[in-house]
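Peer 1: Next input, structure requested:
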Amino acid sequence: MKDNPEGYWFKRKLYGYGWTPATREGWFITFGFLLAVLFVTLRVDESATDEEVLKLVLLPVFALVLVFLLIVYKTGERPKWMFGLSDKDTPPDVEEVE
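Peer 2: Here you go, the predicted model:
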């Protein structure tokens, strides 16, 4: 936990914008989200009309994404655009002992 002293479930990505799971709870939420989306998408058959697909797949998946993002935002670091570590984030060079 030395890289995560605040105990965030999700840490900011090193490059780009977004989060990555940092703890067991974060991974659990991520896998639960993926399983829920898989369950929702597999319950519709090929003969479903466009309206059925909207009701049975798109709206529930949209709701799941919103809930997932809310959880990640509440339990993760504040988002910001990252392009590697800044100078203040890099550890100082350690002198080698000969």
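Peer 1: Please identify the buried residues of the top helix by length along the chain?
Peer 2: The residue-count maximum for a helix in the chain (DSSP state H) belongs to helix 24-42. Applying a neighbour-count criterion of 16 or more other CB atoms under 10 Å, one finds 26, 29-30, 33, 36-37, 40 buried in helix 24-42. All C-beta spots, glycine's among them, are computed from the backbone N, C-alpha and C.
Peer 1: just the residues you listed now: which is nearest residue 54?
Peer 2: For these, the residue nearest residue 54 by CB to CB is residue 40; the value is 12.3 Å.
Peer 1: Tell me which residues are up against stretch 18-33.
Peer 2: 3-4, 7-13, 64, 68, 71-72, 75-77, 79 (CB atoms under 8 Å, 6 or more residues apart in numbering).
Peer 1: Of those, just the buried ones, PyMOL syntax please.
Peer 2: Buried members of the contacts of stretch 18-33 can be picked out in PyMOL with the line below, counting by 16+ other CB under 10 Å:
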select buried, resi 8+9+10+11+12+64+68+71+72+75+76+77
